[in-house]
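Asks: fold the stuff below for me.
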Amino acid sequence: MANAYDQAHSLSLSDPASFWGKAAEDIHWVKRWDKVLDESNPPFYRWFVGGELNTCYNAVDRHVDAGHGDRLAIIYDSPVTGTKRQITYAELKQLVASFAGVLADQGVTKGDRVIVYMPMVPEALVAMLACARLGAVHSVVFGGFAANELATRINDAKPTVVVAASCGVEPSRVVAYKPLLDEAIRVATHKPARCVILQREQLRCDMVEGRDVDWAEAVANARPHDCVPVLATDPLYILYTSGTTGQPKGVVRDNGGHAVALKWTMKAIYNVEPGEVYWAASDVGWVVGHSYICYGPLLHGCTTVVFEGKPVGTPDAGTFWRIISEYNIPILFTAPTAFRAIKKEDPNAEFLAKYDMSHFRTLYLAGERADPNTITWARNNLKVPVIDHWWQTETGWAIAANCMGLHEFPVKLGSPSKAVPGWDVQALGENKEQMPPGQIGALVCKLPLPPGTLPTLWNADERFRNAYMDEYPGYYKTGDAGFVDEDGYVYVMTRTDDIINVAGHRLSTGAMEEVLANHPDVAECAVIGVHDDMKGQMPLGFMVLKAGVAKPKEEVVKEAVKMVRDTIGPVAAFKQALVVPRLPKTRSGKILRGTMQKIADHQDYKMPATIDDPDILPEIEEALQEIGLAR
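Replies: Model (predicted):
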């Protein structure tokens with residue numbers, strides 16, 4: 001007999017209008033849709049055409065109107081500032097309505113854009129929800145982004161208002177945001193009319209007379225604003241993701257499909273109930289923060305956690321366990337890199353024993369590939385299911401996952417499990433033929449994509465086609481490579497541009513990383529392909545060792561090289577690996593393999609705008625020079 005997952009997945013592909021129409025009944029509509037799915041202009045599919053709603057009403061007001069105003073909406077925990085705060089749904093409604101009044105006073109109306117440049121504080125969510133309340137389009141830029149990157153986004157989105165804080169606070173420093181904002185506006189061709197500034201006590205900033213508005217003063221004088229109905233197909237937000245041309249791509253999210261899909265995922269994928277605490281340890285500047293710090297939990301009536309800190313160092317490797325214990329959190333969603341950091345500092349999980357984790361049910365990992373070693377470590381120590389799932393900024397929610405609210409499948413290490421209902425995932429070869437089970441190809445998703453995914457790019461329909469639709473007609477190109485096995489499990493091995501060609505053999509760097517990560521002394525690792533005159537490319541491994549490893553580095557390298565050759569075979573041509581103190585990453589935890597490859601191949605590179613710590617790149621360069629690579 002088919003389980004609930006099989007039934008849901010089958011119906012979602014055979015009759016998407018019926019499947020998503022039923023899911024949409026869980027959303028409050030001002031006007032019901034005329035058509036669930038408009039397929040008249042592929043690849044520009046539209047969901048819930050003719051429907052009207054307000055996302056903020058569904059995420060906030062609706063719960064107050066249903067008598068849940070006393071339920072906690074937001075838990076704010078900031079170990080870097082020593083601040084804790086709890087906000088009920090009734091209080092959140094008041095905060096959001098008042099700030100929507102502030103934005104309206106500054107001239108923001110339906111369809112206008114607002115850039116939000118904020119740290120991880122509750123006011124970031126208030127600003128996002130206030131935009132949604134007005135029918136305005138928010139574009140959150142990760143706090144502390146360089147001025148030129150912020151200017152690029154200002155020029156593209158053309159915001160009426162920018163909402164920012166005076167500073168962000170990190171474990172070892174205070175980051176002044178306001179000078180970055182001032183410089184961005186100076187160099188931008190588009191000039192926002194107003195900036196609303198949240199003054200933080202850790203570093204107050206100077207205000208520009210006539211342009212800058214103080215958040216607290218403006219809220220004190222604002223009249224609360226009601227929710228403005230918008231079309232389901234109207235944009236809710238723009239989120240910029242890196243583009244190959246250096247010009248970021250503005251991923252658009254609509255209101256209707258987004259609300260339906262995000263609400264549905266909270267139970268179907270994460271198996272969480274309204275009233276429970278749900279924690280996504282990410283940042284509002286990334287898609288995870290949009291989907292599962294702000295919108296998903298609030299649409300479902302959960303309590304969401306806004307955490308301003310790091311998994312280690314604020315103050316120690318027990319930070320996550322302290323928060324889970326203190327707030328009775330059953331579900332944590334974070335990046336594998338966070339767990340690798342914890343594992344590196346506390347390999348024997350000694351901090352974990354200090355906290356009551358009895359109510360904790362499931363750990364979800366996403367953001368980059370979760371290596372089997374990290375999953376095994378987490379599972380052995382937490383003694384709960386550890387679920388890897390795969391999704392992208394463009395998709396807004398999971399493409400493949402173990403849908404715990406539908407049916408729990410056995411975990412296969414290295415796989416984010418099966419395609420989620422709504423998704424038809426296939427691996428295609430170089431001639432666009434479907435690859436047999438287990439054989440690597442380009443991972444693509446059959447159109448139409450489900451609700452909540454990107455309908456297009458901001459003011460760039462042609463770029464949308466070129467980037468995602470043209471190479472595999474009828475499919476969305478994920479840019480990832482992998483395979484689907486005989487049981488329907490998806491394996492995401494690497495980005496397609498991380499497939500390296502060694503003497504004509506197409507090899508996945510992700511598969512090699514998986515082997516390296518299994519070495520008992522390795523905390524995390526990366527593999528890149530470096531230029532080789534004879535074979536085209538050769539793989540090169542980088543390894544960060546766990547704290548307290550006494551074994552000589554040369555011995556670890558020798559063992560690791562042997563492991564790769566024994567597991568993948570001589571075809572891998574894996575002969576070199578380096579031990580480095582740390583790996584360069586984006587602020588969301590993704591390893592900057594492309595930048596490392598450019599350094600190794602003596603190519604010029606641009607400092608990535610999203611890099612967390614630029615000082616790591618000279619360390620990588622120095623390590624490469626020791627083996628005759630880099631300049």
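Asks: wasn't residue 473 part of a strand?
Replies: No. Counting by DSSP: H, G, I helix; E, B strand; the rest coil, residue 473 falls outside a strand, being coil.
Asks: quick check: residue 599 touching residue 605?
Replies: Yes. The pair residue 599 and residue 605 qualifies as a contact (CB atoms under 8 Å) at a distance of 6.7 Å. Quick note: C-beta positions are derived from backbone N, CA and C, even for glycine.
Asks: more neighbours, the two?
Replies: More crowded of residue 599 and residue 605, by other CB atoms under 10 Å: residue 599, with 25 against 14.
Asks: doesn't the more buried one belong to a helix?
Replies: Yes. With three-state DSSP as the criterion, residue 599 is located in a helix.
Asks: check it and give its pLDDT.
Replies: Note on residue 599: pLDDT of 91.
Asks: run a quick neighbour tally on residue 435.
Replies: Counted with other CB under 10 Å, residue 435 comes out at 18.
Asks: could you look up the SS state of the spatially most central residue of the chain?
Replies: In the chain, the residue lying closest to the centroid (CA atoms, centre = their mean) is residue 288, at 3.6 Å. Assigned by three-state DSSP, the conformation of residue 288 is helix.
Asks: separation between it and residue 400?
Replies: Distance of residue 288 to residue 400, given as CB to CB, to the nearest Å: 16 Å.
Asks: go on, residue 209?
Replies: The gap separating residue 209 from residue 400 is 52 Å, by CB to CB.
Asks: ok, residue 168 next?
Replies: Note on residue 168: its distance to residue 400, by CB to CB, is 33 Å.
Asks: returning to that earlier point: among residue 209 and residue 400, which residue is more densely surrounded?
Replies: residue 400 (26 against 6).
Asks: tell me the contacts of the more buried one?
Replies: By CB atoms under 8 Å, 6 or more residues apart in numbering, the contact list for residue 400 reads 389-391, 415-420, 423, 425, 490, 492.
Asks: and the strand or helix carrying residue 623, what's buried?
Replies: Using DSSP states H and E, residue 623 sits in helix 616-625. Using 16 or more other CB atoms under 10 Å as the test for burial, helix 616-625 gives 616, 617, 620, 623, 624.
Asks: kindly export stretch 187-200 (C-alpha atoms) in PDB.
Replies: The C-alpha trace of stretch 187-200 is given here as PDB (Å, rounded to 0.1, in the frame of the first residue of the first chain):
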ATOM      1  CA  VAL A 187      28.400  55.700  -5.400                       C
ATOM      2  CA  ALA A 188      24.900  54.400  -6.500                       C
ATOM      3  CA  THR A 189      23.200  56.000  -9.400                       C
ATOM      4  CA  HIS A 190      19.800  55.500  -7.700                       C
ATOM      5  CA  LYS A 191      19.300  57.600  -4.600                       C
ATOM      6  CA  PRO A 192      16.700  56.300  -2.100                       C
ATOM      7  CA  ALA A 193      14.600  59.100  -0.700                       C
ATOM      8  CA  ARG A 194      14.900  58.100   3.000                       C
ATOM      9  CA  CYS A 195      16.900  55.800   5.300                       C
ATOM     10  CA  VAL A 196      15.300  54.500   8.500                       C
ATOM     11  CA  ILE A 197      18.100  53.700  11.000                       C
ATOM     12  CA  LEU A 198      17.900  51.500  14.000                       C
ATOM     13  CA  GLN A 199      20.400  52.900  16.500                       C
ATOM     14  CA  ARG A 200      22.100  50.100  18.500                       C
END
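Asks: can you pull the buried residues of that stretch?
Replies: Residues of stretch 187-200 classed as buried: 188, 192, 194, 195, 196, 197, 198, 199, 200 (neighbour count, 16+ other CB under 10 Å).
Asks: what mean pLDDT does it have?
Replies: Stretch 187-200 carries an average pLDDT of 97.
Asks: could you do stretch 253-260 as well?
Replies: Stretch 253-260 shows a mean pLDDT of 98.
Asks: then stretch 263-270?
Replies: For stretch 263-270, the mean pLDDT works out to 98.
Asks: circling back to that earlier point, could I get the contacting residues of the nearest residue to the residue nearest to the centre of the chain once chain neighbours are set aside?
Replies: Among residues not flanking residue 288 along the chain, residue 282 sits closest, at 3.8 Å (CB to CB, 6 or more residues apart in numbering). Taking CB under 8 Å, 6+ apart, we find residue 282 in contact with 288, 289, 292, 293, 333, 334, 335, 367, 588.
Asks: out of those residues, who's the most crowded?
Replies: Compared across the contacts of residue 282, residue 293 has the highest neighbour count, 28 neighbours, by other CB under 10 Å.
Asks: neighbours of the closest residue to that residue other than its chain neighbours, how many?
Replies: Closest residue in space to residue 293, ignoring its immediate chain neighbours: residue 280 at 5.0 Å, by CB to CB, 6+ apart. Residues within reach of residue 280, counting by other CB under 10 Å, total 27.
Asks: which residues does residue 280 bridge with?
Replies: Counting by DSSP bridges, residue 280 is bridged to residue 333.
Asks: check what pLDDT it gets.
Replies: Residue 280 carries a pLDDT score of 98 in this model.
Asks: didn't it look like it was pressed against residue 290?
Replies: No. Taking CB under 8 Å as the definition, residue 280 is not a contact partner of residue 290, at 10.0 Å.
Asks: for the stretch 101-250 of the chain, what spans make up the helices?
Replies: Ranges of helices in the stretch 101-250 of the chain, per DSSP state H, counting those that start in this stretch, are 122-134, 147-157, 178-187, 215-221.
Asks: which of these is buried the deepest?
Replies: helix 122-134 (a mean of 27; mean count of other CB atoms under 10 Å).
Asks: distance from the chain centre to that helix, please.
Replies: With CA atoms, centre = their mean, to the nearest Å as the basis, helix 122-134 stands 19 Å off its chain's centre.
Asks: show the average pLDDT along it.
Replies: Model confidence over helix 122-134, given as mean pLDDT, is 98.
Asks: same question, stretch 354-374
Replies: When pLDDT is averaged along stretch 354-374, the result is 91.
Asks: please point out which parts of that stretch sit buried.
Replies: Across stretch 354-374, burial judged by 16+ other CB under 10 Å covers 355, 357, 360-374.
Asks: quick one: the helices in the stretch 501-631 of the chain, in order.
Replies: 509-517, 553-568, 593-600, 616-625.
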